[in-house]
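Peer 1: Coordinates only, no sequence provided:
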């Protein structure tokens, strides 16, 4: 437990972001499938990525991903191309996160997958083959990671793979990210004109030197900090303003709703307050393409007094925690009204509680990182399980200190 304060509420400094775990995880699967070795520079130090790397390097008979959801989905598809049987398992929470649609898809291709406990959920035993069927249909309105997992193994399947998408696609920006990483590694991949099929030829990945860029998901918390501070001048080092990461869309949202001004300076981005506030009283946004940004935006809206309707949040129910309920529980401690539905959250200001606030993280790294900046509008913020940020951003607390936050052990 830690206690966070900020004496001046003025933030100024340069931030070093972690590299993208989403890109890193995709690159690791490609590296494992590639016939020739290649270097991945700036591989993410996030726990999720390091867990995936360790499993791919050590080739265990029992692969335990812990809380790493992406590793679970990507490894499930990867092992479907490998002849040796592997048991794939995870934490108690991971065993509550559904994998049924991906298992069904892989089984239809010929992979042998057996549920070891609850039907539709980990743990599973997987035994695969490179001689899988070349056509698969998958429900595309549940998790884009299921689709990305299938895409990544396509070049390794004899005869290639044609993926038919059943229904509207959730978080298509992550599918685009997978496409771009694969394309860089010389995969022969294309989307059909109607967007309902992904066609991947049996062309092996090329061993190209690969560099991972900084993580836009991690950058979002500093946009929140900038919006909450009395005065702001933050430089996000080496962050490309033009990026294939869907979360880079956060720039337009913070400029339009929260009065920030963002500019490219060389290879970095500078964030300042607008000279004249735009004064938007309420807003609405569909987060289907960047669901991981919902917690950051909800916390920002609650703290600055913007009525905000967040929609497109279907996948938040099956993340590290039920993020919709978690946000309601924690943001109500600010005294704001929080209404929720199956896939939406509405923030109803004004902010009323600004004393000493204590927040739960629900063992969710994004809850911890989205709630910590609220120390800029409160006397102090206490966060339980501060180490949970290691899942995606191990250096988060040190970067906050660069901006004048004081972080001490809580009581």
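Peer 2: Good, I have the coordinates. Predicted model only: the values in this text are computed from it and were never measured.

Peer 1: contacting residues around the residue most central in space within the chain?
Peer 2: In the chain, the centroid-proximal residue (C-alpha atoms, centre = their mean) is residue 292; its distance is 5.3 Å. By C-beta atoms under 8 Å, 6 or more residues apart in numbering, residue 292 lies in contact with 217, 220, 247, 366. (Each C-beta comes from the backbone N, C-alpha and C, glycine too.)

Peer 1: any chance of these in a markdown table, plus distance to residue 68 and secondary structure?
Peer 2: Listed next are these as a markdown table, based on distance: C-beta to C-beta, whole Å; DSSP: H, G, I helix; E, B strand; the rest coil:
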| residue | distance to residue 68 | secondary structure |
| --- | --- | --- |
| 217 | 15 | helix |
| 220 | 20 | helix |
| 247 | 19 | helix |
| 366 | 14 | helix |
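
Peer 1: Of those, which is the most crowded?
Peer 2: residue 366 (28 neighbours; other C-beta atoms under 10 Å).

Peer 1: got the contact list for it?
Peer 2: Residue 366 neighbours (C-beta under 8 Å, 6+ apart): 292, 295-296, 319-320, 323, 392.

Peer 1: ranking those residues by neighbours, who comes first?
Peer 2: residue 295 (31 neighbours).

Peer 1: How about the secondary structure of it?
Peer 2: The local conformation at residue 295, judged by DSSP: H, G, I helix; E, B strand; the rest coil, is helix.

Peer 1: Would you quantify the distance from it to residue 374?
Peer 2: 12 Å (C-beta to C-beta, to the nearest Å).

Peer 1: One more: residue 20?
Peer 2: 26 Å.

Peer 1: For the stretch 251-400 of the chain, just list every one of the helices.
Peer 2: 294-304, 323-331, 365-371, 396-402 (DSSP state H, counting those that start in this stretch).

Peer 1: count of neighbours near residue 274?
Peer 2: Neighbours around residue 274, by other C-beta under 10 Å: 12.

Peer 1: wouldn't it be in contact with residue 259 here?
Peer 2: Yes: using C-beta atoms under 8 Å, residue 274 is in contact with residue 259, at 4.4 Å.

Peer 1: Break the protein into its domains for me.
Peer 2: As recorded under automatic domain parsing, the domains making up the chain are 2-18+214-409, 21-211.

Peer 1: The longest one: how far from the chain's middle?
Peer 2: What separates the centre of domain 2-18+214-409 from the centre of its chain is 14 Å, taken as C-alpha atoms, centre = their mean, to the nearest Å.

Peer 1: end-to-end on that domain?
Peer 2: Distance across domain 2-18+214-409, first residue to last, is 4 Å (C-alpha to C-alpha, to the nearest Å).

Peer 1: sorry, back to before: out of the contacts of residue 292, which two sit at the greatest distance?
Peer 2: Pairwise distances across the contacts of residue 292 peak at 11.4 Å for 247 and 366 (criterion: C-beta to C-beta).

Peer 1: and stretch 256-268, which residues are buried?
Peer 2: 257-260, 262, 268 (16 or more other C-beta atoms under 10 Å).

Peer 1: okay, how far is it across it, tip to tip?
Peer 2: Note: stretch 256-268 ends 21 Å apart using C-alpha to C-alpha.

Peer 1: Stretch 84-93 too?
Peer 2: Rule used - C-alpha to C-alpha; the end-to-end distance of stretch 84-93 is 27 Å.

Peer 1: and if you look at stretch 299-316?
Peer 2: End-to-end for stretch 299-316, by C-alpha to C-alpha: 15 Å.

Peer 1: Rounded mean pLDDT for that stretch, please.
Peer 2: Mean pLDDT, computed over stretch 299-316, is 93.

Peer 1: Beta-bridge partners for the spatially closest residue to residue 179 that is not a sequence neighbour, please?
Peer 2: Spatial nearest neighbour of residue 179, chain neighbours left out: residue 189 (6.2 Å); criterion: C-beta to C-beta, 6 or more residues apart in numbering. Assessed by DSSP bridges, residue 189 has beta-bridge partners residue 200.

Peer 1: For the protein, give me the ranges with low pLDDT.
Peer 2: Along the chain, segments meeting pLDDT under 70 span 275-281, 411.

Peer 1: hmm, back to that, need the residues touching each of residue 274 and residue 259.
Peer 2: Common neighbours of residue 274 and residue 259 (C-beta under 8 Å, 6+ apart) do not exist.

Peer 1: ok so, going back, pick the one among the contacts of residue 366 closest to residue 100.
Peer 2: residue 319 (16.8 Å).

Peer 1: Show me what the nearest residue to residue 198 once chain neighbours are set aside bridges to in the sheet.
Peer 2: Leaving aside its chain neighbours, residue 198 sits nearest to residue 163 (4.3 Å; criterion: C-beta to C-beta, 6+ apart). Residue 163 has these beta-bridge partners by DSSP bridges: residue 136, residue 198.

Peer 1: Could you report the separation of the closest residue in space to residue 377 that isn't next to it in sequence from residue 168?
Peer 2: Of all residues not flanking residue 377 in the chain, residue 303 sits nearest, at 4.7 Å (C-beta to C-beta, 6+ apart). Residue 303 is 33 Å from residue 168, where distance means C-beta to C-beta.

Peer 1: which one of the two has more residues nearby?
Peer 2: residue 303 (24 against 10).

Peer 1: Verify the contact between that one and residue 371 for me.
Peer 2: No: using C-beta under 8 Å, residue 303 makes no contact with residue 371, being 10.0 Å away.
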